[in-house]
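A.B. asks: below is the sequence, then the predicted model.
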Amino acid sequence: MKKSVKKVAALALSGLMIASVFAGCSASSDDTSSADTDTVAKTEFTVGICQLVQHDALDAATQGFQDRLNELAEEGGQTITYDYQNASNDTAACSTIANQFVSDGVDLIMANATPALQACATATASSQIPVVATSITDFGVALFGDESTMAPTDATGINVTGSNDLAPLASQAQQILDLFPDTKVVGCIYCSAEANSKFQVDGVKEALEEQGIECNFYSFADSNDIQSVAQKAASESDVIYIPTDNTAASNGSIISTVCEAAGVPIIAGEEGIFESTNAVATLSISFYEIGQKAGEMAYDILVNGTDPSTMNVWQTENVTYYYNEEMAEKYNVQIPDGYTAYDFSDSDSE
């Protein structure tokens, strides 16, 4: 009898232990499932936007980014909250904004323009918060310096990706000669604080000098120097070239006034500067389009978990040759086939 009781007790205890094990496994499984569900089901994201300065090109890129990210989020059932901050062309302010985004624990940062990217990349080096940048001429130069060997569309290998705004530099140099075939000296005006501006004027200078054209640089440190630098450049040049430069774009009317008074035409590196400087022509990309692409990349990171370090930088193949009818007439320019007369009345429609 005693043996029978012991046997039953042992079986009961064994059963309880087995049940306990299964219960533990079940709980563990439920916890894992719950964790996975939480990860997959996240539907609310906060995105910080650090924009260097307010002007047409950067504004269009930010608008394209938000429009496309919102469109994708609406389709996927997600909600995006934006914290938009404008640094007013102050690189120190970019760092302050970026550090605040990290402190706030945003899910992703969009950096608009090179100084904004540099600040955000530095601020997120430890936290590895993803950074998607746009309006960057060369990610390699911006992130790793002049000696970078990164190709324009490579992956960065760090927590940064995005879309660049590089239009073909050799084609921009050729545009100057196509429109002004008697040109002997070209002056390049740019901000020395913007690394990607130097990258562009270097490329244009190389292309021009290969055709025997003298090309000189006229740089300014900030907006206080622009007028005097522009006056010197205009007095020593046949044509002025201005690259994709945020400080120049924000002060385009100053450059325009100086150059028009001196009777020296301007060729611009992008549409926003083309407008603000009243230039004769530009070979331009769409900043709204590159902003849209950055929005797509941000969605892929936030919702699909794609690692930004493995995502190739995106570069558009869509370029447009625009010309300014009024200025073309002023300088007796013969416009080649393939150019579009720019509609200034529609410049704020995007």
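C.D. replies: It's in.
A.B. asks: state the mean pLDDT of stretch 79-95.
C.D. replies: Mean pLDDT, stretch 79-95: 97.
A.B. asks: tell me who's in contact with residue 122.
C.D. replies: Contact analysis of residue 122 by Cβ atoms under 8 Å, 6 or more residues apart in numbering lists 95, 98. C-beta coordinates here come from the backbone N, C-alpha and C atoms, glycine included.
A.B. asks: does residue 306 touch residue 296 like I think?
C.D. replies: No. With contact defined as Cβ atoms under 8 Å, residue 306 does not count as touching residue 296 (10.8 Å).
A.B. asks: tell me, what's touching these two both at once?
C.D. replies: With Cβ under 8 Å, 6+ apart, residue 306 and residue 296 have no common neighbours.
A.B. asks: ok, the closest residue to residue 113 other than its chain neighbours - how many residues close by?
C.D. replies: Distances taken as Cβ to Cβ, 6 or more residues apart in numbering place residue 52 nearest to residue 113, at 3.7 Å, with adjacent residues excluded. By the criterion of other Cβ atoms under 10 Å, residue 52 has 28 neighbours.
A.B. asks: surely residue 52 touches residue 246?
C.D. replies: Yes. Residue 52 is in contact with residue 246 according to Cβ under 8 Å; the separation is 5.5 Å.
A.B. asks: anything in contact with each of those two?
C.D. replies: 58, 89, 113, 115.
A.B. asks: state the helix or strand in which the nearest residue to residue 307 once chain neighbours are set aside lies.
C.D. replies: Nearest in space to residue 307, with sequence neighbours left out and distances taken as Cβ to Cβ, 6+ apart, is residue 301 at 7.9 Å. Using DSSP states H and E, the element containing residue 301 is helix 287-304.
A.B. asks: nearest residue to the middle of the chain?
C.D. replies: residue 134 (1.1 Å; Cα atoms, centre = their mean).
A.B. asks: hmm, residue 138 is touching residue 169, no?
C.D. replies: No. With contacts counted by Cβ under 8 Å, residue 138 stays clear of residue 169, the gap being 10.5 Å.
A.B. asks: wait, a strand at residue 162?
C.D. replies: Yes. Membership of residue 162 in a strand is supported by DSSP: H, G, I helix; E, B strand; the rest coil.
A.B. asks: quick check: bridge partners of it?
C.D. replies: residue 133 (DSSP bridges).
A.B. asks: and it, how many neighbours?
C.D. replies: 28.
A.B. asks: ok, it - contacts?
C.D. replies: 111, 117, 131-134, 136, 139, 294, 297, 313-314.
A.B. asks: now residue 273
C.D. replies: Residue 273 touches 57, 242, 244-245, 248-249, 252, 279, 282, counting by Cβ under 8 Å, 6+ apart.
A.B. asks: can you check residue 297 too?
C.D. replies: 132, 161-163, 308, 311, 314.
A.B. asks: can you rerun that using 6 Å?
C.D. replies: Residues near residue 297 by Cβ atoms under 6 Å, 6 or more residues apart in numbering: 132, 161.
A.B. asks: picking that back up, who wins for neighbours among the shared contacts of residue 52 and residue 246?
C.D. replies: residue 113 (29 neighbours).
A.B. asks: quick one: average confidence on stretch 188-199?
C.D. replies: Stretch 188-199 comes out at a mean pLDDT of 91.
A.B. asks: then stretch 298-306?
C.D. replies: 97.
A.B. asks: name the residues of stretch 96-115 that are buried.
C.D. replies: Within stretch 96-115, the residues that count as buried by 16 or more other Cβ atoms under 10 Å are 97-98, 101-102, 106-115.
A.B. asks: strands of the stretch 151-300 of the chain, start to end?
C.D. replies: 160-164, 185-191, 214-220, 239-242, 266-268, 281-284 (DSSP state E, counting those that start in this stretch).
A.B. asks: what helices and strands are in contact with the shortest one?
C.D. replies: Applying 3 or more Cβ pairs under 6 Å, 6 or more residues apart in numbering; DSSP states H and E, one finds that strand 266-268 contacts strand 239-242.
A.B. asks: what helices or strands is the strand it packs on leaning on?
C.D. replies: Against strand 239-242 (3+ Cβ pairs under 6 Å, 6+ apart) you get strand 185-191, strand 266-268.
A.B. asks: buried deepest among those strands, which one?
C.D. replies: strand 266-268 (a mean of 29; mean count of other Cβ atoms under 10 Å).
A.B. asks: how about residues contacting that one?
C.D. replies: 176, 240-242, 259, 274, 277, 279, 281-282.
A.B. asks: any idea which of the residues you listed is closest to residue 320?
C.D. replies: residue 282 (8.4 Å; Cβ to Cβ).
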